[in-house]
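Engineer: the following block contains a protein sequence and its predicted model.
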Amino acid sequence: MLDMSVALLMALVCVLVHFEAVLLTEKILLRIPSARFSLLVSWTGFLVAHVIEIWLYALAYLACGWLGIGELHGADTLLDHAYYSAVVYTTLGFGDIVPGVGIQILTGSQALVGLSLIAWSATHTYARVTSYQAGR
């Protein structure tokens, strides 16, 4: 039950981080007249948001290990946890680090959250490019 609570909390936090990143990026883009430069700023904003979300999950995995909820087998350092988080978030899935009992739900939900947020970023970028092309 605790693992599902952590998974739900992390999903909500990451969606909120991403939502705020979209809003902040849009505010910045209102001040940029160049379509090319605004796309670069938009893409960079999304990239930063994804990196923050990956690190939030890395810290959650580390905290789960400290709290005895479950640990990652093969991960010894914070960078190992961040690497695992990036692999799961992007649904790459190498398998050199594996989740122990107690954080398997967190791992599965992170893959779903990562895939959804990457799709959100891609959709937003596509809509921006389409609107620029329509304005030509």
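Structural biologist: That came through, no problem.
Engineer: could you use CA atoms for every contact and neighbour count after this?
Structural biologist: OK.
Engineer: quick one: stretch 120-131 to chain centroid distance?
Structural biologist: 18 Å (C-alpha atoms, centre = their mean, to the nearest Å).
Engineer: and what of stretch 118-128?
Structural biologist: Distance, centroid of stretch 118-128 to centroid of chain: 14 Å (C-alpha atoms, centre = their mean).
Engineer: what comes up buried for that stretch?
Structural biologist: 118, 120-121, 124-125, 128 (16 or more other C-alpha atoms under 10 Å).
Engineer: show me the residues you listed that map onto helices.
Structural biologist: Those of those mapping onto helices are 118, 120-121, 124-125, 128, per DSSP state H.
Engineer: state the pLDDT value of residue 74.
Structural biologist: At residue 74, the model reports a pLDDT of 96.
Engineer: repeat for residue 135
Structural biologist: 69.
Engineer: check the secondary structure at the nearest residue to residue 32 once chain neighbours are set aside for me.
Structural biologist: Spatial nearest neighbour of residue 32, chain neighbours left out: residue 38 (6.0 Å); criterion: C-alpha to C-alpha, 6 or more residues apart in numbering. At residue 38 the chain is in helix, as set by DSSP: H, G, I helix; E, B strand; the rest coil.
Engineer: just the pLDDT for residue 38.
Structural biologist: On the pLDDT scale, residue 38 gets 86.
Engineer: and it, how far is that from residue 44?
Structural biologist: To residue 44, residue 38 is 10 Å away according to C-alpha to C-alpha, to the nearest Å.
Engineer: quick one: which of those two has more around it?
Structural biologist: residue 38 (19 against 13; other C-alpha atoms under 10 Å).
Engineer: start from the N-terminal end of the protein and give the strands.
Structural biologist: With strands called from DSSP state E, the chain shows them at 72-73, 98-99.
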